[in-house]
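# compute the structure for the input listed below.
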Amino acid sequence: MIRIGTLSRALGRPGSSLRCLISGRCASTLVIAEHDNKTVGPITLSAITAASKLGGDVSALVAGTSCGTVVEELSKVEGISKIFVAEHEAYKGFLPEAIAPLIVATQNQFNFSHIIGGATATGKNILPRVAALLDVAPLQDVTEIQSEDTFVRTIYAGNAVLTCKSNDKVKVFTVRGTSFEAANTSGGGAVSENAPAAETSNDLSAWMGEELSVSDRPELTSAKVVVSGGRGLKSGENFELLYKLAEKLNAAVGASRAAVDAGYVPNDMQVGQTGKMVAPELYIAVGISGAIQHLAGMKDSKTIVAINKDPEAPIFQVADYGLVADLFKAVPEMTEKIG
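Numbers count the residues shown, from 1 in each chain. Coordinates of the predicted model:
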């Protein structure tokens with residue numbers, strides 16, 4: 001008997017590739033690329049890393065309008081072998097009613113074993129519809145890939161971890177971006193081709209437009225430092241304290257759901273189970289009590305600092321450093337002392 005590891009080294013092939021040759025079966029993964037028609041979204045790079053852990057070929061699907069620069073950028077990403085491109089006015093806004101048939105048409109032609117998207121509003125909107133059309137069960141918020149059919153995901157707002165095995169013919173799932181490193185954006189050489197034709201008529205929804213907030217600060221989900229405020233700030237005007245601190249730290253600014261619901265800041269700043277998942281190098285929670293909903297979105301941060309006047313606040317249970325103090329005095333002092 002020859003060990004796969006020994007033979008694979010002799011042939012200069014990874015063990016996973018050799019298993020494909022022996023069994024006649026191999027994982028092939030389609031990553032649904034998120035973008036703004038100009039650049040690739042950071043979540044897509046994390047999804048590519050997740051796909052690479054499955055072994056086999058990794059392809060990407062780019063759908064949009066005039067997204068040539070996205071395809072060019074994605075072709076340089078390490079780990080992708082092929083890019084399917086679909087450009088049509090119907091794909092504006094990534095409406096699931098338009099994108100899902102395209103993904104299914106691509107799947108029907110190439111028979112991928114896995115279809116992956118990011119655990120974002122877009123991914124969670126599209127992939128369950130794709131799974132329904134393929135008659136399989138979708139998996140959401142995967143944080144670890146143990147094998148081609150075994151995955152780890154969090155449940156109960158992150159309070160429990162579930163390891164599950166899927167026996168479906170094609171595995172459709174979203175991955176949490178903070179759990180996978182971004183793929184290298186150089187060293188790749190993927191080729192591109194037109195995606196299979198799909199139905200583009202859609203009578204169920206229409207893309208009307210979007211209004212995006214513009215900020216000079218880093219994007220919340222990719223920032224290395226995040227400063228978040230909660231109900232303890234008492235008003236939207238008081239968030240100016242955090243903006244000044246964030247400017248000194250080159251940080252993004254987030255908020256708890258309580259602060260968003262109170263109207264202090266817009267909902268695109270919300271961190272939590274129903275907001276954005278972040279895992280920066282440094283997370284500073286100011287005036288945040290630490291509800292489960294919020295902790296689910298930030299507890300993977302490398303270092304957590306909490307500032308709250310209530311010593312019994314749950315946030316202190318997950319914080320690496322805690323300061324029991326009046327935030328209206330502590331935050332300005334911090335800002336002043338930071339060079």
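
# ok, now which ones touch the residue nearest the centre of the chain?
Centroid-nearest residue in the chain: G177, 3.4 Å away (criterion: Cα atoms, centre = their mean). Applying Cβ atoms under 8 Å, 6 or more residues apart in numbering to G177 gives the contacts 42-43, 46-47, 118-120, 221, 277. For glycine as for every other residue, the C-beta is placed from the backbone atoms N, C-alpha and C.

# can you add neighbour count and give those residues back as JSON lines?
Below are those laid out as JSON lines (neighbours: other Cβ atoms under 10 Å):
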{"residue": "P42", "neighbour count": "16"}
{"residue": "I43", "neighbour count": "26"}
{"residue": "S46", "neighbour count": "25"}
{"residue": "A47", "neighbour count": "33"}
{"residue": "G118", "neighbour count": "27"}
{"residue": "A119", "neighbour count": "24"}
{"residue": "T120", "neighbour count": "21"}
{"residue": "T221", "neighbour count": "23"}
{"residue": "M277", "neighbour count": "24"}
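
# in CSV, list those along with secondary structure, pLDDT and distance to K302.
Output for those, formatted as CSV (DSSP: H, G, I helix; E, B strand; the rest coil; pLDDT from 0 to 100; distance: Cβ to Cβ, whole Å):
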residue, secondary structure, pLDDT, distance to K302
P42, helix, 90, 17
I43, helix, 92, 19
S46, helix, 94, 16
A47, helix, 96, 21
G118, strand, 94, 21
A119, coil, 91, 20
T120, coil, 89, 22
T221, helix, 83, 15
M277, coil, 87, 14
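
# my guess is A296 is in a strand, correct?
No: going by DSSP: H, G, I helix; E, B strand; the rest coil, the assignment for A296 is helix, not a strand.

# that one reaches G272, doesn't it?
Yes: assessed by Cβ atoms under 8 Å, A296 is found in contact with G272 at 6.2 Å.

# which one's more surrounded, those two?
Taking other Cβ atoms under 10 Å, A296 and G272 do not tie; G272 has more neighbours (26 against 21).

# the nearest residue to the more buried one once chain neighbours are set aside: neighbour count?
Excluding its sequence neighbours, the residue lying closest to G272 (Cβ to Cβ, 6 or more residues apart in numbering) is G297, at 4.0 Å. Using other Cβ under 10 Å, G297 has 27 neighbouring residues.

# so who does the spatially closest residue to P314 that is not a sequence neighbour touch?
The shortest distance from P314 to any non-neighbouring residue, by Cβ to Cβ, 6+ apart, is to G290 (3.6 Å). By Cβ under 8 Å, 6+ apart, the contact set of G290 is 306, 313-318.

# looking just at contacts, which helices and strands does the host helix or strand of V226 meet?
Under the criterion of DSSP states H and E, V226 resides in strand 225-229. Packing partners of strand 225-229 (3 or more Cβ pairs under 8 Å, 6 or more residues apart in numbering; DSSP states H and E): helix 240-249, strand 252-255, strand 282-286.

# ok, now how distant is the closest residue to P218 other than its chain neighbours from T221?
The shortest distance from P218 to any non-neighbouring residue, by Cβ to Cβ, 6+ apart, is to A252 (4.7 Å). Using Cβ to Cβ, to the nearest Å, A252 is found at 8 Å from T221.

# which residues does stretch 260-277 contact?
119, 157-158, 176-178, 213, 220-221, 226, 228-229, 231, 233, 235-236, 238-239, 253-257, 259, 278, 291-298, 300.

# hang on, the earlier thing: can you turn the buried part of the contacts of G290 into a PyMOL selection?
Applied in PyMOL, the following selects the buried portion of those according to 16 or more other Cβ atoms under 10 Å:
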select buried, resi 306+313+314+315+316+318
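
# just the contacts of G290 now: which is nearest S75?
Taking Cβ to Cβ as the measure, S75 lies nearest V318 of the contacts of G290, at 40.6 Å.

# list the buried residues of the helix or strand hosting T69.
For T69, the host element (DSSP H and E) is helix 68-75. Buried residues in helix 68-75, counting neighbours by 16+ other Cβ under 10 Å, are found at 70-71, 73-75.

# now swap in stretch 168-183 and tell me
Result for stretch 168-183 [16+ other Cβ under 10 Å]: buried residues 170-180, 182-183.

# so where's the stretch 151-300 of the chain uncertain?
213 (pLDDT under 70).

# strands along that one, start to end?
160-165, 171-175, 191-194, 225-229, 252-255, 282-286 (DSSP state E, counting those that start in this stretch).

# pipe those strands into TSV and attach distance to E336 per row.
Output for the strands of the stretch 151-300 of the chain, formatted as TSV (distance: least, Cβ to Cβ, whole Å):
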stretch	distance to E336
strand 160-165	42
strand 171-175	41
strand 191-194	52
strand 225-229	15
strand 252-255	18
strand 282-286	15
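
# alright, that wraps it up for me.
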